[in-house]
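# Here you go, sequence then predicted model.
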Amino acid sequence: MGQIDFIVRRKPSITDVAKLARDAFLPGVIYGIGSITSAAGFRLLVEVVDSNRPESYISLIREVHSDGIILAGVRVDDPHLATLNPDEFPVVLWGKMPSSSLPSVDVDNTRAARMAVE
């Protein structure tokens, strides 16, 4: 069985952990991703990494602990984004990064709001 890592970059503070615990959207996302990865024969590992240490997710790739990553909370100033190549290692960003050519998924908040009020 393979492994897909869902990596959430957050600041390592008590208040940020509290925000993460109250996030109403994230558990549904994790459940949905887990359902798909399980059906495809992969385990889903969720990791919260320090946003001040972006190299921590790069080590997962270099040490071949994972068959692919979904990376949430990426920042434009992350120097490691440019080193990721989806042809060499499967990676998907959660959230569009205009400066990156990596595959990504995002939420269309404008359309969702329109649908909610119609």
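Okay, I see it.
# C-alpha only now, for contacts and for neighbours.
Noted.
# So S99, which state does it fall into?
Taken by DSSP: H, G, I helix; E, B strand; the rest coil, the conformation at S99 corresponds to coil.
# quick one: it from A40, how far?
Summarising the geometry, the distance separating S99 from A40, computed by CA to CA, to the nearest Å, is 31 Å.
# Strands along the chain, start to end?
Secondary structure of the chain (DSSP state E): strands located at 2-10, 42-50, 68-72, 91-94, 104-105.
# Make a markdown table from those and add mean neighbour count and mean pLDDT to it.
Compiled in a markdown table, those are given as follows (neighbours: other CA atoms under 10 Å; pLDDT from 0 to 100):
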| stretch | mean neighbour count | mean pLDDT |
| --- | --- | --- |
| strand 2-10 | 20 | 81 |
| strand 42-50 | 17 | 84 |
| strand 68-72 | 20 | 87 |
| strand 91-94 | 20 | 88 |
| strand 104-105 | 14 | 87 |
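# buried set for the longest helix along the chain?
If you go by DSSP state H, the chain has its longest helix at helix 26-39. Of the residues in helix 26-39, those with enough neighbours to count as buried (16 or more other CA atoms under 10 Å) are 34, 37.
# Please shift the residue numbers so they start at 7 in all later answers.
Happy to do that; since the first residue is 7 now, the last one works out to helix 32-45.
# residues contacting I13?
I13 makes contact with 52-55, 63, 75-78, according to CA atoms under 8 Å, 6 or more residues apart in numbering.
# Thanks a lot, catch you later.
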